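Novice: generate a structure from the sequence data that follows.
(chains A and B)
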Amino acid sequence: MKSTSLLTKLTEATGVSGREDGAASIILDFFTHGEGREWVSDLRRDKLGNIILYKKGLGETPAKIMFAAHMDEIGLIVTDIEEGFLRFSSIGGIDQRVLVGQEVIVHGKKDLLGIIGAKPPHIQTPDERGKSIKIQDMTIDLGLSQEKAESLVKIGDSITIKRKFCQLKNSLCSGKAMDDRAGVVALVECLKRLKDLRHQADVYCVVTVQEELGVRGAFVSSYGVNPDIGVAIDVTHGEMPGLPDYEAFKLGEGPVIVTGPQMHPKVFEKLKEAAKCGNVKYQIEAEVTPRGTDAYAIQVAQAGVASGLVSIPLRYMHTSVETLSLEDLRETGRLLAEFVMEINSEFVGGLKYC
Amino acid sequence: MLKELSELNAVSSREEAVREYIRNRIKGKVDKFETDNLGNLLAVTGENKKGPKVMLSAHMDEVGLMVVGIDNSGLLKIKPMGGIDERVLLSKRVVIGPNKIPGVIGAKPIHLQEREEREKPVKIPSLFVDIGAKDKNDAEKDVNIGDLAAFDIKAGEFGDRMFKGKALDDRVGCAILLNLIENTYDFPVYYAFTVQEEVGLRGATVAAFRINPDLALGFEGTSAGDVPASKKHKQSTRIGKGPAISFMDRSVIVNQALVERLIEVARESGIAYQFRESITGGTEAGAINQSRAGITAGILSVPCRYIHSPVSVLNLDDYENTIKLADAFLKSIERKGLPV
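Specialist: Presented below is the predicted three-dimensional model:
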């Protein structure tokens, strides 16, 4: 399967934080029945729903590397049913301004199409018109009566933003949940490359859950795997009007290797070295605290893990038109494979501070 | 048919896709059809019959965006064509120009916003469409200044007898006319599929002059405000309560005898109807009413929620009942002549 078609399937799948089964089933299927079954030695799912894809290395006492990318996405949740319309709150950080006029899928007894509406503009006061519409003033229109809506939907049901994947110019593509299913596809790319490589280290590619609610999947999966080195693969801001250069990275210029207190300096250096070795173009980001990525959780697993962070530049994060370059995604997968090849037990031995 | 019509793109002044579709549908079913200098498609049935000339109209155009600039990084600057609330645009997909180049309306990530920013709408000058171009030159290979962009959304049924899609204002009117055109009446009926309604009723103005009818009835998708956030007296129309009869809007006061005939016909035929309670908004009836030395004109509407947004909603019973009411009205002219 081409990475584009996997990315299409994954981003169009449902999987709001805590309800990741839609996306998970695609990954599980790919690695148990699909092409990917040859690429891993073992596969398991833990109690929170993290998927752990294991690829054995050749080393006698192999280093353990964990890569993590999250499959959950931001979304909405039903809080009330009123005149057949749904009231809702957000799961994860959503800008209220992107929601009006948006189609959604409500996961009731069956999946229902809904449309987010609000008070029509022409009956709003001039004062109201000058402000953004608040989430609590919006409703989801199911086209159903109160009675019918109540029979199909209950409070607490999750809601996915509906958006088809779309290819733009210059191998850019756009859709919802690129954050961080693009990272998941980078893991798949890495495993695909590793199948033909003789690597010493054991590799655990972990597809995590509940990242958007506080990196919860990464906390427990890194405890479970207990790696020597843990690298999160997530997205970072792509350049766009209104963002300063140091906060935003160029699309198509390669993965972003991140430095900061939560990233082990030797892992950071090794990632750069691997990039140079493999001729992977890369960018550098300095991050005070990557609280919003799995790297934050991995660092403090068990007695402490040497952590790293690689990010894919992405424009319009947390909207339904998240845009990134397929080139960057493939190069991220290649960088990870190169990194694996660079790791031996000697490097792991040198990770402890003197 | 409603689905096909909704998914065609025809932002005001570039209505060719809808015109072509309608032309193909009416070939062989009408005495003749022609286009005029503005792009209206005008057809007639029963041209040589005696009796009053009745004009039925619906506009082919929809609201959308115009590309007014390309910045150095290759992002497209836009302006709205027709009345669009800028607050519906963020994080939506569009297709641009005749080659349907896909683009997205990007938004600043929430992570890098100040809290106050979220309370304020992003104004049109700060919005842009991203087609994935490397820079201005790269964008210019696919897009020209002046190209028009339409919302990119699939139409279809959902809920209970509901239908969603873009441009239901006024593809639903076009669909109603295409249904009526299958019928025969014993007087000449002129079907006007008009252009540029959303930018000032331009098409209807000249179509009415050319046809010079004795009576005209326009068909619209009108705003239904029946969502929990709006009070009952401000809803104007409600979905599922039948066709909406206009007595007045910003552009016209409908002749009372015409309103009464519509009500009478609805009652006789057992078709539920409602009034369009709001008197705001202009319609083609206004342009037709002011044509030549004055023409009697009215409006019958299908209530639509979220008009002028990427996805509007109507009720299929309302749509079918509007066709029935229009047909009953035309038959009443056969029996009793014009109401005026």
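Novice: list the buried residues for stretch A:129-139?
Specialist: Using 16 or more other CB atoms under 10 Å in any protein chain shown as the test for burial, stretch A:129-139 gives A:132-133, A:135, A:137-139. For every residue, glycine as well, the C-beta is placed using N, CA and C.
Novice: just those residues: which are in strands?
Specialist: A:Thr139 (DSSP state E).
Novice: so which of the buried residues of stretch A:129-139 also contact chain B?
Specialist: A:132-133, A:137-139 (CB under 8 Å from any CB of the partner chain).
Novice: from the buried residues of stretch A:129-139, pick the one nearest A:Phe30.
Specialist: A:Ile135 (35.1 Å; CB to CB).
Novice: the residue nearest to that closest one when sequence neighbours are not counted and B:Glu16, how far apart?
Specialist: Using CB to CB, 6 or more residues apart in numbering or on different chains and skipping the chain neighbours, the partner closest in space to A:Ile135 is A:Gln96 (4.9 Å). Taking CB to CB, to the nearest Å as the measure, A:Gln96 falls 38 Å from B:Glu16.
Novice: who has more neighbours out of the two?
Specialist: A:Gln96 (19 against 16; other CB atoms under 10 Å in any protein chain shown).
Novice: from what I can see the more buried one touches A:Ile133, true?
Specialist: Yes - with contact defined as CB atoms under 8 Å, A:Gln96 and A:Ile133 form a contacting pair (6.8 Å).
Novice: OK, now which residue of chain B is nearest to chain A?
Specialist: Nearest residue of chain B to chain A (CB to the nearest CB) works out as B:Gly159 at 2.0 Å.
Novice: what residues does that residue make contact with?
Specialist: A:112-113, A:141-144 (CB atoms under 8 Å, 6 or more residues apart in numbering or on different chains).
Novice: picking up where we left off before, tabulate the ones next to chain B among the buried residues of stretch A:129-139 in JSON lines, adding columns for pLDDT and distance to A:Leu213.
Specialist: Formatted as JSON lines, these follow (pLDDT from 0 to 100; distance: CB to CB, whole Å):
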{"residue": "A:Ser132", "pLDDT": "92", "distance to A:Leu213": "24"}
{"residue": "A:Ile133", "pLDDT": "93", "distance to A:Leu213": "25"}
{"residue": "A:Asp137", "pLDDT": "94", "distance to A:Leu213": "24"}
{"residue": "A:Met138", "pLDDT": "96", "distance to A:Leu213": "22"}
{"residue": "A:Thr139", "pLDDT": "97", "distance to A:Leu213": "24"}
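Novice: which one of these is nearest to B:Asn40?
Specialist: Nearest member of those to B:Asn40, counting by CB to CB, is A:Ile133, at 36.9 Å.
Novice: which residue is the nearest non-sequential neighbour of that closest one?
Specialist: A:Ala118 (4.6 Å).
Novice: same deal with B:Gln113?
Specialist: Using CB to CB, 6+ apart, the closest residue to B:Gln113 is A:Asp95 (7.0 Å).
Novice: can you give me the helices in chain A?
Specialist: A:3-12, A:21-32, A:126-129, A:146-152, A:178-194, A:216-225, A:265-277, A:294-298, A:326-342, A:345-349 (DSSP state H).
Novice: stretch B:305-320 near chain A anywhere?
Specialist: Yes - Stretch B:305-320 is in contact with chain A by CB under 8 Å from any CB, via B:305-306, B:309-311, B:313.
Novice: buried residues, that stretch. List them.
Specialist: B:305-315, B:317-320.
Novice: pick out the most distant pair among these.
Specialist: B:Pro310 and B:Glu320 (25.1 Å).
Novice: okay, now the unreliable bits of chain A?
Specialist: A:1, A:290 (pLDDT under 70).
Novice: got the domain ranges for it?
Specialist: A:3-73+A:176-349, A:75-161 (automatic domain parsing).
Novice: for those domains, which one ends up most surrounded?
Specialist: domain A:3-73+A:176-349 (a mean of 21; mean count of other CB atoms under 10 Å in any protein chain shown).
Novice: and it, how far out from the chain middle?
Specialist: 8 Å (CA atoms, centre = their mean, to the nearest Å).
Novice: ok, stretch B:192-206 next?
Specialist: For stretch B:192-206 - counting by CA atoms, centre = their mean - the centre lies 10 Å from the chain centre.
Novice: give me the buried positions along that stretch.
Specialist: B:192-199, B:201-206.
Novice: near chain A, anything from that stretch?
Specialist: No - legend: contact between stretch B:192-206 and chain A by CB under 8 Å from any CB is lacking; minimum distance shown is 14.4 Å.
Novice: how about the residues of the stretch 251-354 of chain A by chain B?
Specialist: Checking the stretch 251-354 of chain A against chain B by CB under 8 Å from any CB, the hits are A:252, A:292, A:315-321, A:323.
Novice: please redo it, this time with the cut-off set to 6 Å
Specialist: Applying CB under 6 Å from any CB of the partner chain, we find that the stretch 251-354 of chain A lies next to chain B at A:315-321.
Novice: then the stretch 1-150 of chain A?
Specialist: Residues of the stretch 1-150 of chain A lying near chain B (CB under 6 Å from any CB): A:82-83, A:85, A:93, A:95, A:97-98, A:100-101, A:103, A:113, A:115, A:117-121, A:123, A:131-132, A:137, A:139, A:142-144.
Novice: A:Thr139 touches B:Ser230, doesn't it?
Specialist: No - with contacts counted by CB atoms under 6 Å, A:Thr139 stays clear of B:Ser230, the gap being 10.4 Å.
Novice: name the element the most centrally placed residue in chain B belongs to?
Specialist: The centroid of chain B falls nearest to B:Asp170 when counting by CA atoms, centre = their mean (1.9 Å). Element membership for B:Asp170 (DSSP states H and E) is helix B:168-180.
Novice: average model confidence for that helix?
Specialist: For helix B:168-180, mean pLDDT is 98.
Novice: tell me the angle of whichever helix or strand comes after it relative to helix B:168-180?
Specialist: Next in sequence after helix B:168-180, counting helices and strands by DSSP H and E, comes strand B:189-194. Comparing the axes of strand B:189-194 and helix B:168-180 via axes from the mean of the first three to the mean of the last three CA atoms, to 10 degrees yields an angle of 150 degrees.
Novice: which residues does strand B:189-194 contact?
Specialist: Residues outside strand B:189-194 that contact it (CB atoms under 6 Å, 6 or more residues apart in numbering or on different chains): B:22, B:40-45, B:54-57, B:59-60, B:177, B:181, B:203-204, B:207, B:211.
Novice: that strand: what's the following helix or strand?
Specialist: That would be, after strand B:189-194 and using DSSP H and E, helix B:202-211.
Novice: okay, buried residues for the helix or strand following that following helix please.
Specialist: Downstream of helix B:202-211, the next assigned helix or strand under DSSP H and E is strand B:215-223. Judged by neighbour count (16+ other CB under 10 Å), strand B:215-223 contains these buried residues: B:215-223.
Novice: by contact count, what packs against strand B:215-223?
Specialist: Packed against strand B:215-223 by the contact rule (3 or more CB pairs under 6 Å, 6 or more residues apart in numbering or on different chains; DSSP states H and E) you find strand B:54-59, helix B:168-180, helix B:284-289, strand B:296-305.
Novice: who are the packing partners of the second one?
Specialist: Pointing back at helix B:168-180 there. Using 3+ CB pairs under 6 Å, 6+ apart, helix B:168-180 sits against helix B:2-7, strand B:54-59, strand B:215-223, strand B:296-305, helix B:316-336.
Novice: roughly how far apart are the residue of chain A found nearest chain B and A:Leu112?
Specialist: Residue of chain A nearest chain B, by CB to the nearest CB: A:Gly143 (2.0 Å). Using CB to CB, A:Gly143 is found at 9 Å from A:Leu112.
Novice: equivalent analysis for A:His33, please.
Specialist: On the measure of CB to CB, A:His33 and A:Leu112 end up 29 Å apart.
Novice: can you check B:Asp142 too?
Specialist: 37 Å.
Novice: likewise B:Leu90?
Specialist: 24 Å.
Novice: could you do A:Thr323 as well?
Specialist: A:Thr323 is 28 Å from A:Leu112, by CB to CB.
Novice: now A:Pro265
Specialist: From A:Pro265 to A:Leu112 the distance is 50 Å (CB to CB).
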